[in-house]
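Enquirer: Model the structure of this input:
(2 chains)
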Amino acid sequence: MVLSKTFSQSDVSVHSTFASRYVRDSLPRFKVPENSIPKEAAYQIINDELMLDGNPRLNLASFVTTWMEPECDKLIMDAINKNYVDMDEYPVTTELQNRCVNMIGHLFNAPLGDGEAAVGVGTVGSSEAIMLAGLAFKRKWQNKMKSLGKPCDKPNIVTGANVQVCWEKFARYFEVELKEVKLRDGYYVMDPEKAVEMVDENTICVAAILGSTLNGEFEDVKQLNDLLMKKNQETGWDTPIHVDAASGGFIAPFLYPELEWDFRLPLVKSINVSGHKYGLVYAGIGWVIWRNKEDLPEELIFHINYLGADQPTFTLNFSKGSSQVIAQYYQLIRLGYEGYKNIMENCQENAMVLKEGLEKTGRFNIVSKDNGVPLVAFSLKDNSRHTEFEVSDMLRRFGWIVPAYTMPPDAQHVTVLRVVIREDFSRTLAEHLVMDIQKVLNELDMLPARVTGKMVAIEKHPRNGVAVKKLKSIAL
Amino acid sequence: MVLSKASSQSDVSIHSTFASRYVRNSLPRFKVPENSIPKEAAYQIINDELMLDGNPRLNLASFVTTWMEPECDKLIMDSINKNYVDMDEYPVTTELQNRCVNMIAHLFNAPLGDGEAAIGVGTVGSSEAIMLAGLAFKRKWQNKMKALGKPCDKPNIVTGANVQVCWEKFARYFEVELKEVKLRDGYYVMDPKKAVEMVDENTICVAAILGSTLNGEFEDVKTLNDLLVKKNQETGWDTPIHVDAASGGFIAPFLYPELEWDFRLPLVKSINVSGHKYGLVYAGIGWVIWRNKEDLPEELIFHINYLGADQPTFTLNFSKGSSQVIAQYYQLIRLGYEGYKNIMENCQENAMVLKAGLEKTGRFNIVSKDNGVPLVAFSLKDSSRHTEFEVSDMLRRFGWIVPAYTMPPDAQHVTVLRVVIREDFSRTLAERLVIDIDKVLRDLDTLPARVTEKVAATEEQAQNGGVVKKSDIEVQREITTAWMKFVADKKKTNGVC
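Expert: Below you'll find the model as predicted:
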């Protein structure tokens, strides 16, 4: 006896996804669901929900690369199932990492002999790179203090208050004190003189930033080096320098090759750079390079012996994807010095286009410098009626993500908007952004001032007891 | 005046890649090249050199996932340019991570009330997860000792000698002493009794492994818990447990739901699992879950305020890709409990097929247990003429990558070969592997034993007073042997993964 099936009983795979019951069910959030669902439904549901994320290419807050050539995308996808750490199983991938380390080492003028291998490693990002560099400094300093019979329980690092959060993480997780040189109005990077003043016997290194997150400025590493050398001669402490070139490391060699900031300065012992910022690779790759072997204590290196091959490793992460390493190598040989230089020059030009457009509105102060990371940081000349946060919010309606931040101490009263110019931010987009910012200003002019603008929070300024008015706006 | 262009001057973009000059130049290795090259050339050259890497799917050494459905590959590629850490810019991706944390916490029976959010975070892998968990234990212990007015400068962790290298890294980088319970012949995991004996006042936690790297065995976390509860009652030290469930965390809930190893045991305060092992996602994702808020000291958490949204973060890495998090969520809702269970059962069955095939050759001892991570660890019954390392080397010729390792102390004399059964290792492949192993054994049987044996025999003769003259060939063999032995010795590893 043949029973006719009712429509809802037919093979589920026949149903188009949006005809099926899967889009009627609420997606699980707290518990693993009991049953499987078809892969098409899983794909569609997740893909659709992700439509509500911001568009990465319009995310002007980020330094991290958001576009690569299709050829590179293909290499990335082909390598997506390769676990980078299986060095002996994937010797070519390991070799590509080594080549990148050498290329970047040479780019930073590491003092290497012909055919001498550079000392460095690929990481997941500058956070890991900085932690490894910091660990090396900490261990070297501890060994030095122990051999001198001195206590080594209170190490510290001297940096500017403009450091990225990963330095604070390093300090807290690895139990090193962070001694920050405060900023001041109009001077938003670390002052070399003040930094060297703060150096004491327990300082494991001074960290300079090439490309401050806040306004893209390059710190004066040469001056820091010269002042620190003098102090070292007086004290005999031998305090070294680390350069956090997360952004600047792939800019300075191409735009400002005469600028001395790298291993050309004798006190610079290690440098980190983000491959995924101006190294022009998607998120997930950083590099740390040491001057030479002595700067990386052997006891921190683990030796893994797989099937006869000895490979030293010094990373926090173990298993991870290989795609970004391969992509970095692709970029280095695809673009070459010439290609990187062209791209950085384009970014610089487009930053100037944006800056001029903003200046022409007559409503903004430009806080960033012309030299440095190609970005434009700007604040409202008059933020009494409407703040930079409101400008940022309203730009979202056009699809742009432009963040607004307050500066760290002691410049907390300064709020800036910041647009990072990445490789894929063309002149057309720059001009479009200026038009949209103008539209936002016009709209804001028509709105009454925010009610909170009338409320004022008083904060005592720690330095000379003068109260500082801080305007607060309620974020949406 | 029109000059005709010589062919070599024509627009380079016309040339097919393999006709162009780019494949005649040696690829740069040490310095960034001066000029750009066409993207097709860059792609082809790199792609071709990578052909000489091993085939990830035949890499039987690894627990890490090597295959995902094309639909998931598409989601991965679509989000390849999303920086995970931009939480406010990508709120849905952040939400997906939170959902995964909650789902995994419930899978581990975290004591959560209805609608109560789980405490946990996505990481790049179990290494980062373990470092975060260890940091939390270290800070909690330091706070406790300071409150008691006791010194807190010599923290230690108690584990088995079978721990993965990341525990040694944690110990060395974060300055914690590692107290290892030694293994012994036939017992290749941490002995709970010995572990509890080693616990002292400075122990920040005891780390148990669910799915030992060496032979896939699950450690007896329940016995450890019960013994430690008793000791805590006597000493008042309140020593907690961490479970390194890198492999086992996505196996036990589906194959052995009655096995008590997770938050059902009161002393277990945190658990890590690799999303990229039996979570069935490509390399680059791990999870760490804490029992509740008290187990994660607030001072370790950084609060980032972007445009008004407060998101607490506690990870070592900052910028990283979003793809693996999205892929993990895909797997959890695509497969559900039913799907994971089916896959694990298939892996288990295929492991049994492989094991039966190996036993049938009559040449191997099976070192792994039936229960645990689906893998087969085996050693030669007779390794006097040829070693497991030679078997491993010869299997490479067929394309298989099967690693050979020596056990950590005190079982260094035991060498094993290990095949990990992943989702994409079908029965057909299992049967093929057995056939190829058989071929390798036959090949080895026809080869003379390694010369090291003859030299040893010769030395013995000399010791007995007989005069032995060495021929040229024997001298040559001695040198070769010495080198091979040197390499073989270096194969002894305590850095298994």
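
Enquirer: what are the C-alpha coordinates of stretch A:201-209, in CSV please?
Expert: The C-alpha coordinates for stretch A:201-209 follow below in CSV (Å, rounded to 0.1, in the frame of the first residue of the first chain):
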residue,chain,number,x,y,z
GLU,A,201,68.8,50.0,38.1
ASN,A,202,65.7,47.8,37.8
THR,A,203,64.8,49.0,34.3
ILE,A,204,64.9,46.0,32.0
CYS,A,205,64.4,48.2,28.9
VAL,A,206,63.0,51.4,27.5
ALA,A,207,60.3,50.9,25.0
ALA,A,208,59.9,53.5,22.2
ILE,A,209,57.0,53.4,19.7
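
Enquirer: Going by neighbour count, which residues in that stretch are buried?
Expert: For stretch A:201-209, the buried set under the neighbour-count rule, 16 or more other CB atoms under 10 Å in any protein chain shown, comprises A:Asn202, A:Thr203, A:Ile204, A:Cys205, A:Val206, A:Ala207, A:Ala208, A:Ile209. Backbone N, C-alpha and C define where each C-beta goes, glycine included.

Enquirer: How far does it sit from its chain's centre?
Expert: How far stretch A:201-209 lies from its chain's middle: 21 Å, per CA atoms, centre = their mean, to the nearest Å.

Enquirer: where does stretch A:217-228 sit relative to the chain's centre, distance-wise?
Expert: Put simply, stretch A:217-228 sits 21 Å off its chain's centre (CA atoms, centre = their mean).

Enquirer: do the same with stretch A:314-334
Expert: The chain centroid and the centroid of stretch A:314-334 are separated by 16 Å under CA atoms, centre = their mean.

Enquirer: And for stretch A:132-148?
Expert: In terms of CA atoms, centre = their mean, the centre of stretch A:132-148 is found 26 Å from the chain centre.

Enquirer: Ok, stretch A:110-119 next?
Expert: Centroid displacement of stretch A:110-119 relative to its chain, using CA atoms, centre = their mean, is 27 Å.

Enquirer: Helix, strand, or coil at A:Glu89?
Expert: Judged by DSSP: H, G, I helix; E, B strand; the rest coil, the three-state class of A:Glu89 is coil.

Enquirer: Spit out the contact partners of it.
Expert: B:Asp53, B:Gly54, B:Pro56, B:Asn59, B:Ala61, B:Ser62, B:Ile401 (CB atoms under 8 Å, 6 or more residues apart in numbering or on different chains).

Enquirer: can you redo those as CSV with pLDDT?
Expert: Shown next, in CSV, are those (pLDDT from 0 to 100):
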residue, pLDDT
B:Asp53, 93
B:Gly54, 90
B:Pro56, 93
B:Asn59, 91
B:Ala61, 87
B:Ser62, 90
B:Ile401, 92
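
Enquirer: Tell me how many other residues crowd the closest residue to A:Gly372 other than its chain neighbours.
Expert: What sits nearest to A:Gly372 in space, not counting adjacent residues and going by CB to CB, 6 or more residues apart in numbering or on different chains, is A:Gly216, at 4.2 Å. Using other CB atoms under 10 Å in any protein chain shown, the number of residues around A:Gly216 comes to 27.

Enquirer: coming back round to it: looking at the buried residues of stretch A:201-209, which is nearest chain B?
Expert: Among the buried residues of stretch A:201-209, A:Ile204 lies closest to chain B (CB to the nearest CB), at 14.1 Å.

Enquirer: Quick check: the residue nearest to A:Gly372 touching A:Asp370?
Expert: No: under the criterion of CB atoms under 8 Å, A:Gly216 makes no contact with A:Asp370, lying 9.7 Å away.

Enquirer: wait, does the one helix or strand A:Leu433 maps to make contact with chain B?
Expert: Using DSSP states H and E, A:Leu433 sits within helix A:427-446. No: judged by CB under 8 Å from any CB of the partner chain, helix A:427-446 makes no contact with chain B; its nearest approach is 15.3 Å.

Enquirer: quick one: buried residues of stretch A:443-452?
Expert: Neighbour-count burial for stretch A:443-452, counted by 16+ other CB under 10 Å, picks out A:Leu444, A:Arg450.

Enquirer: next one: stretch A:215-228
Expert: Of all the residues in stretch A:215-228, those buried under the rule 16+ other CB under 10 Å are A:Asn215, A:Gly216, A:Glu217, A:Phe218, A:Glu219, A:Asp220, A:Val221, A:Lys222, A:Leu224, A:Asn225, A:Leu227, A:Leu228.

Enquirer: hey, what's the fourth one bridged with?
Expert: Going by DSSP bridges, A:Phe218 is paired in beta bridges with A:Leu210.

Enquirer: Contact partners for it?
Expert: By CB under 8 Å, 6+ apart, the neighbours of A:Phe218 are A:Leu210, A:Gly211, A:Ser212, A:Gly248, A:Ala252, A:Tyr256, A:Leu259, A:Trp261, A:Asn371, A:Gly372, A:Val373.

Enquirer: Does A:Leu96 touch A:Ala327 like I think?
Expert: No: between A:Leu96 and A:Ala327 there is no contact, the gap being 10.0 Å when judged by CB under 8 Å.

Enquirer: who has more neighbours, these two?
Expert: More neighbours surround A:Ala327 than the other of A:Leu96 and A:Ala327, with 30 against 27 (other CB under 10 Å).

Enquirer: Show me which residues of the stretch 301-450 of chain A sit near chain B.
Expert: The stretch 301-450 of chain A comes close to chain B at residues A:302-308, A:310, A:316-322, A:324, A:326, A:329-330, A:332-340, A:389, A:392-393, A:401, A:403-404, as judged by CB under 8 Å from any CB.

Enquirer: Of the residues you listed, which belong to helices?
Expert: Applying DSSP state H to these, the entries found in helices are A:324, A:326, A:329-330, A:332-340, A:389, A:392-393.

Enquirer: are any of these buried, and which?
Expert: Among those, those classed as buried by 16+ other CB under 10 Å are A:324, A:326, A:329-330, A:332-337, A:339-340, A:389, A:392-393.

Enquirer: Briefly note if stretch A:97-113 comes near chain B.
Expert: Yes: Stretch A:97-113 lies within reach of chain B by CB under 8 Å from any CB, at A:Arg99, A:Asn102, A:Met103, A:His106, A:Leu107.

Enquirer: can you give me the helices in chain A?
Expert: Per DSSP H, chain A has helices spanning A:39-50, A:70-78, A:91-107, A:126-147, A:165-173, A:192-198, A:221-235, A:252-255, A:323-361, A:388-396, A:427-446. These are given in chain order.

Enquirer: count of residues packed around the residue lying closest to A:Ala449 once chain neighbours are set aside?
Expert: Distances taken as CB to CB, 6+ apart place A:Arg385 nearest to A:Ala449, at 4.0 Å, with adjacent residues excluded. Other residues lying near A:Arg385 total 14 when counted by other CB under 10 Å.

Enquirer: swap in A:Phe174?
Expert: Count around A:Phe174 with other CB under 10 Å applied: 17.

Enquirer: tell me the contacts of it?
Expert: For A:Phe174, the contact set (CB under 8 Å, 6+ apart) comprises A:Met131, A:Gly134, A:Leu135, A:Lys138, B:Tyr173, B:Phe174.

Enquirer: so the fourth one touches A:Val176, yeah?
Expert: Yes: the pair formed by A:Lys138 and A:Val176 meets the contact definition of CB under 8 Å, at 6.3 Å.

Enquirer: Overlap of the contact sets of these two?
Expert: Common contact partners of A:Lys138 and A:Val176 (CB under 8 Å, 6+ apart): A:Pro155, A:Ile204.

Enquirer: residues touching A:Val373, list them.
Expert: Contact partners of A:Val373, counting by CB under 8 Å, 6+ apart, are A:Phe63, A:Gly211, A:Ser212, A:Gly216, A:Glu217, A:Phe218, A:Ser247, A:Gly248, A:Ile251, A:Tyr278, A:Val420.

Enquirer: Which one of those sits in the busiest neighbourhood?
Expert: A:Gly248 (31 neighbours).

Enquirer: Next one: that one from chain B, what distance?
Expert: 16 Å (CB to the nearest CB, to the nearest Å).

Enquirer: dump the residue contacts of that residue.
Expert: By CB under 8 Å, 6+ apart, the contact list for A:Gly248 reads A:Ile209, A:Leu210, A:Gly211, A:Phe218, A:Trp261, A:Val273, A:Tyr278, A:Gly372, A:Val373.

Enquirer: I'm done for today, thanks for sticking with me.
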